[in-house]
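>>> 3D, please:
(one chain, ligands or ions: 1)
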Amino acid sequence: MNSRRFLPTLKVLGWIAFYSLLSAPAIILASPDEGNSFVIRNARVFDGHSVLEKSDVWVENGKIKAVGANLKVPLTIKAVDVAGDTLLPGLIDAHTHAWGDALKEAEIFGVTTELDMFTAVKYMQQTKKDQADGKLLNLADLRSAGTLATAPGGHGTEYGMPIPTLSTPAEAQAWVDARVAEGSDYIKIVIDDASAYGGHRPTLDNATLKALIDAAHKRGKIAVVHIGNQKEAHDVIAAGADGLAHLFADSAPAPDFAQFVAAHHAFVVPTLDVLESVAGVAGGQSLSTDARLAPYLTSDNVSNLKRGFPKFSTPLDEKYAEQTVAQLKAAHVPILAGTDAPNPGTTHGASIHRELELLVRSGLTPQEALAAATSVAAKAFHLDDRGVIAPGKRADLLLVKGDPTKDITATRNIVSVWKVGVEDDRDSYRAAIEKEKQEVASTASAAAPSVTDMSLISDFDDGTPSAKFGTAWTLSTDSIAGGKSTGEMKVVDGGANGDKHALDISGVIDGGLPYAWAGVMWSPGAQPFIPVNLSAKKNISFFAKGDGQTYRVLLFTASGGRIPAMQNFVAEPSWKKAIIPFSAFNGTDGHDISAILFVGGPAAGKFDFQVDEIKLE
Ligand SMILES: [Zn+2]
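Residues are numbered from 1 along each chain as shown. Next up, the predicted model:
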């Protein structure tokens, strides 16, 4: 959406992969052979278009076999009476960035299809391969743009991860063909000069934009476009885009804006939830305190919902986007529900329920909002097998208590979610989250250890990378997140202050990941990533020397979740002491520190530095 939007989210990508391998997430495997033939009796059925009161839905082998009142079904088929509840097609989130646990989190909240708008190509390819092999039945189905089209230095390039850019119409077909070869389901283009946020950034010119759209159409792919302001939205529609991946929030819509979109047969994914977050409204936070959702939100989800965007010099107003939605509705432009999760203030799955609420606030009826997250999205993206409850379609279903066609927030009252007829085990997921939250709470209330025990972490003078408490120092590289950085650690002679030894860390950072790292890691608990209350101390101090490059201290806390806080230091040719207050790491008081790392990266190249006398003060 804006020039800074991807920055936090792409940073998260690597750390999530990093952390996931250390704490195996609760993945529940569902068997396609069990329970995917059944009949749901007496539901209020929203079939994607309209409401059928007291209807039955018969599911056989993962597909919908019949819909109607009093269906005659063999006695061997399991029947469930759900009178009073509402059955919906599984929801489609038409704008996300998927990686890590995204698809699991999505499905828990009733989102059975995610339309990703920019992720790592490797992740897209692996996930789609697993889907094709019939795995991942307990995760939302993924469709993805893969990488995005942007100008050199344009939005999307700011993370250091090399992505293929272009700048002339002549390059457009080859660029699109490369995406098609990689497996992109549709083409995502960025048009954003950052002026809406008071900045400047290169962006594609209109001729290249049009060439990309034409090239996508030539290969039978639709083209969806990120825009930053109303003028860009207008240009994008004029160039023949199939849809806008965002709305603008820089100005009230021109009186004829929606008519113009309608005349060009384009659809719009407003992403109001992320626009309100950009505008500084804590809408996401309201999800974290909703008792219908909260038990299924991990502590990481909650911290992300509470995060905000940096303040922009030019303020944006989400109300402009709501006015535009009302205008688009009046002009019969297809409106799709999309969240832009996991940007700050949003999270996969849960945020679709906020988006539905905001679409209704903008003037859609609850039924129209539900259609935006089901049949309208399926039609716009040519997903002919889903988005409606009808014979022959996939049994991707969401059962909720109450009547969301009257009160849209009833979609949060989830009873069951099915993907191709396989019911998700939401109870186990909820239990795992409950357990995680109890562990975090018990750590937070743990007594601070005595000061004398926890001063010196390591001086390496026994000739090993051991520590006086917690774990020994171990090598940590981005290879566990798919990176190719390499590292080596060894205890060497000649420590700081004339002592015997120091720890030398060297290696090569590979530029293939935006968050590339290689270095050493230590945890204060008996096992990696067990948080310990170190709040009796105020600073971490250490001596460093090296090749003159800038290095990072990463600090993980239980409350900060999977994203470390970072501080830089320079390894000068001679030993220099650094003292960094805990508070410099996102304001922590040190009560739940789970790991400290000294690392090179993310800039590519060789590195070599030494650390010694690592202490808490
Ligand atoms: Zn996005």
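>>> For the residue of the stretch 301-450 of the chain found nearest the ion, which non-adjacent residue is closest in space?
Across the stretch 301-450 of the chain, the shortest distance to the ion (Cβ to the ion) belongs to residue 340, at 4.4 Å. Glycine gets a C-beta too; all of them are placed from N, C-alpha and C. Using Cβ to Cβ, 6 or more residues apart in numbering and skipping residues adjacent in sequence, the residue nearest residue 340 is residue 274, 3.9 Å away.
>>> Show the pLDDT at the residue in the chain sticking out farthest from the centre.
In the chain, the greatest distance from the average C-alpha position (Cα atoms, centre = their mean) is reached by residue 498, at 47.8 Å. Residue 498 carries a pLDDT value of 88.
>>> Look up phi and psi at it.
Here is the backbone geometry of residue 498 (degrees, to the nearest 10): phi 70, psi 10.
>>> Same question for residue 65.
phi -100, psi -40.
>>> gap between it and the ion?
Distance, residue 65 to the ion, using Cβ to the ion, to the nearest Å: 37 Å.
>>> How about the secondary structure of the nearest residue to that residue once chain neighbours are set aside?
Once flanking residues are discounted, residue 65 sits nearest to residue 58: 4.5 Å by Cβ to Cβ, 6+ apart. With DSSP: H, G, I helix; E, B strand; the rest coil as the basis, residue 58 sits in strand.
>>> right, and residue 58 touches residue 72 too?
No: with contact defined as Cβ atoms under 8 Å, residue 58 does not reach residue 72; the gap is 9.3 Å.
>>> Those two: who's more crowded?
residue 58 (23 against 9; other Cβ atoms under 10 Å).
>>> Look up how far residue 81 lies from the more buried one.
Residue 58 sits 14 Å away from residue 81, going by Cβ to Cβ, to the nearest Å.
>>> any residues in contact with both of the two?
With Cβ atoms under 8 Å, 6 or more residues apart in numbering applied, the contact sets of residue 58 and residue 81 do not overlap.
>>> Can you give me the neighbour number for residue 548?
Residue 548 sits with 11 neighbouring residues when counted by other Cβ under 10 Å.
>>> before we move on, what about residue 76?
Residue 76 sits with 6 neighbouring residues when counted by other Cβ under 10 Å.
>>> Can you tell me the SS state at it?
When classified by three-state DSSP, residue 76 comes out as coil.
>>> what are the phi and psi angles of it?
Dihedral angles (degrees, to the nearest 10) for residue 76: phi -70, psi -20.
>>> can you start the count at 690 instead of 1 from here on
With 690 as the first residue, the last one maps to residue 765.
>>> measure it to the ion for me?
Distance, residue 765 to the ion, by Cβ to the ion: 46 Å.
>>> for residue 964, same thing?
Residue 964 sits 11 Å away from the ion, going by Cβ to the ion.
>>> residue contacts, that residue?
690, 935, 936, 938, 1005, 1007, 1010.
>>> So what's the gap between stretch 1101-1113 and the chain middle?
Put simply, stretch 1101-1113 sits 21 Å off its chain's centre (Cα atoms, centre = their mean, to the nearest Å).
>>> could you say what helices and strands the longest helix anywhere in the chain packs with?
Looking across the chain with DSSP state H, the single longest helix is helix 1115-1133. Secondary-structure packing of helix 1115-1133 (3 or more Cβ pairs under 8 Å, 6 or more residues apart in numbering; DSSP states H and E): helix 791-797, helix 988-995, strand 1103-1108.
>>> name the helices or strands packed onto the first one?
When you say that, I think you mean helix 791-797. With contacts taken as 3+ Cβ pairs under 8 Å, 6+ apart, helix 791-797 sits against strand 780-785, strand 800-805, strand 1103-1108, helix 1115-1133.
>>> Give the buried residues for the longest one.
Within helix 1115-1133, the residues scored as buried using 16 or more other Cβ atoms under 10 Å are 1115, 1118, 1122, 1125, 1126, 1129, 1132.
>>> same thing with stretch 1295-1302?
Buried residues in stretch 1295-1302, defined by neighbour count with 16+ other Cβ under 10 Å: 1296, 1297, 1298, 1299, 1300, 1301, 1302.
>>> wait, which of the helices and strands packed on helix 1115-1133 is closest to residue 1191?
Of all these, helix 988-995 sits nearest to residue 1191, with 35.2 Å by Cβ to Cβ.
>>> for the closest one, what is the average pLDDT?
Computed over helix 988-995, the average pLDDT equals 89.
>>> Please apply the same query to stretch 1023-1032.
The predicted model gives stretch 1023-1032 an average pLDDT of 96.
>>> Just the endpoints, please. Distance across that stretch?
Using Cα to Cα, to the nearest Å, the gap from the first to the last residue of stretch 1023-1032 comes to 24 Å.
>>> Stretch 780-794 now?
One end of stretch 780-794 sits 13 Å from the other (Cα to Cα).
>>> just stretch 958-978 next, same as before
Counting by Cα to Cα, you get 26 Å between the two ends of stretch 958-978.
>>> in it, what's buried?
Under 16+ other Cβ under 10 Å, the buried positions of stretch 958-978 are 958-968, 970, 972-974, 976-977.
>>> And for stretch 1278-1296?
For stretch 1278-1296, a neighbour-count test (16+ other Cβ under 10 Å) marks 1279-1291, 1293, 1296 as buried.
>>> Ok, stretch 781-801 next?
So for stretch 781-801, counting by 16+ other Cβ under 10 Å, buried means 781-801.
>>> what's the answer for stretch 1047-1067, then?
Across stretch 1047-1067, burial judged by 16+ other Cβ under 10 Å covers 1047-1049, 1051-1053, 1055-1067.
>>> cool, and stretch 1014-1030?
1014, 1016-1018, 1022-1030.
>>> just stretch 1177-1190 next, same as before
1178, 1180, 1184, 1185, 1190.
>>> which residue does the stretch 740-889 of the chain bring closest to the ion?
The ion sits closest to residue 806 of the stretch 740-889 of the chain, with a gap of 4.8 Å, by Cβ to the ion.
>>> Around the ion, which positions in the stretch 790-939 of the chain sit nearby?
Residues of the stretch 790-939 of the chain lying near the ion by Cβ under 5 Å from the ion: residue 806.
>>> can you narrow the buried residues of stretch 1177-1190 to ones near the ion?
Subset of the buried residues of stretch 1177-1190 in contact with the ion: empty, counting by Cβ under 5 Å from the ion.
>>> Just name the closest of these to the ion, please.
Nearest to the ion among the buried residues of stretch 1177-1190 is residue 1178, at 37.9 Å by Cβ to the ion.
>>> Put the alpha carbons of the strand or helix carrying that closest one into PDB.
Per DSSP states H and E: residue 1178 is located in strand 1175-1182. The C-alpha coordinates for strand 1175-1182 follow below in PDB (Å, rounded to 0.1, in the frame of the first residue of the first chain):
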ATOM      1  CA  THR A1175      27.500 -19.400   6.000                       C
ATOM      2  CA  GLY A1176      29.300 -18.900   9.300                       C
ATOM      3  CA  GLU A1177      32.100 -20.300  11.400                       C
ATOM      4  CA  MET A1178      32.800 -19.700  15.100                       C
ATOM      5  CA  LYS A1179      35.900 -20.500  17.000                       C
ATOM      6  CA  VAL A1180      37.600 -19.500  20.300                       C
ATOM      7  CA  VAL A1181      40.800 -17.700  19.500                       C
ATOM      8  CA  ASP A1182      43.800 -16.400  21.500                       C
END
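>>> Listing partners with orientation, what would you give for that strand?
Under the criterion DSSP bridges, strand 1175-1182 sits next to strand 1190-1198 (antiparallel) in its sheet.
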